[in-house]
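1. No letters, just coordinates:
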């Protein structure tokens, strides 16, 4: 897979997440605290998407290719993000925050930071600023969960997430994508197909979440 293609894929995923958060801002527009929070989250995702798109434009001029990446790993991640951003929206605050945490637990920020470095954005001085922005973005979410969530399981996941952020990042982009896909599906389990998306683009639908009925399965690290 070429660098420019992967950057474009990532920019598209960030755009989908930004649209989801903007929808949450509209859903809780009467709650000033929540509306401001979701608007800021959406703005950060749009900024990430713009930077990734700019990096893709720079990458067009680069002939080198990335290491070989299993296409099914990227498809699994894409399917998970699109499922969470296209299913019926959560109707309560805990579920909305849980959805956001599941997206952040993918830890795609590490992949993005490395992609930006390879693309040459780092040489323009943007990579360090972007990494700081990503960290602030995640901290904003964790702080909101601690402040507003009533689901104790969700609050415990925040503690686990904080501990996991201290671990060393994956050694390569390919390893990161494979690790993310493994957490989503498990080593021995093939993801089920959707009836619509699988025909159109080969995207699989994750079985990790069932909105409105029970608790989400934590993504294992």
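-> Alright, I've got the coordinates. Worth saying up front: this structure is predicted, and the values here are computed from it rather than measured. Numbering: from 1, shown residues only.
2. can we go C-alpha only for contacts and neighbour counts from here?
-> Noted.
3. Now that residue 178 has come up, it's in contact with residue 73, right?
-> Yes - in terms of Cα atoms under 8 Å, residue 178 counts as a neighbour of residue 73; the distance is 5.5 Å.
4. and the end-to-end length of stretch 24-32?
-> End-to-end distance for stretch 24-32, by Cα to Cα, to the nearest Å: 12 Å.
5. can you give me the helices for the chain?
-> Along the chain, counting by DSSP state H, helices occupy 3-27, 32-59, 71-86, 93-104, 108-119, 127-148, 152-164, 173-185, 197-201.
6. by contact count, what packs against the second one?
-> Okay, so that is helix 32-59. Helix 32-59 sits against helix 3-27, helix 108-119, helix 127-148, with contacts defined as 3 or more Cα pairs under 8 Å, 6 or more residues apart in numbering; DSSP states H and E.
7. can you give me the offset of the longest one from its chain's centre?
-> What that stands for is helix 3-27. Its chain's C-alpha centre and that of helix 3-27 lie 8 Å apart, by Cα atoms, centre = their mean, to the nearest Å.
8. Likewise for the shortest one?
-> A distance of 13 Å separates the centroid of the chain from that of helix 108-119, by Cα atoms, centre = their mean.
9. quick one: residue 178 from residue 164, how far?
-> Using Cα to Cα, we find residue 178 at a distance of 18 Å from residue 164.
10. which of those two has more neighbours?
-> Using other Cα atoms under 10 Å as the criterion, residue 178 and residue 164 rank with residue 178 on top: 20 against 13.
11. what about this protein, any weak spots by pLDDT?
-> Along the chain, the model assigns pLDDT under 70 to residues 61-68, 122-133, 167-170, 186-221.
12. Next, the contact list for the residue minimising distance to the centre of it, please.
-> Compute the mean C-alpha point of the chain, and by Cα atoms, centre = their mean the closest residue is residue 103, 4.2 Å away. Taking Cα atoms under 8 Å, 6 or more residues apart in numbering, we find residue 103 in contact with residue 81.
13. one more time with 10 Å
-> Taking Cα atoms under 10 Å, 6 or more residues apart in numbering, we find residue 103 in contact with 17, 77, 80-81, 84-85, 97, 219.
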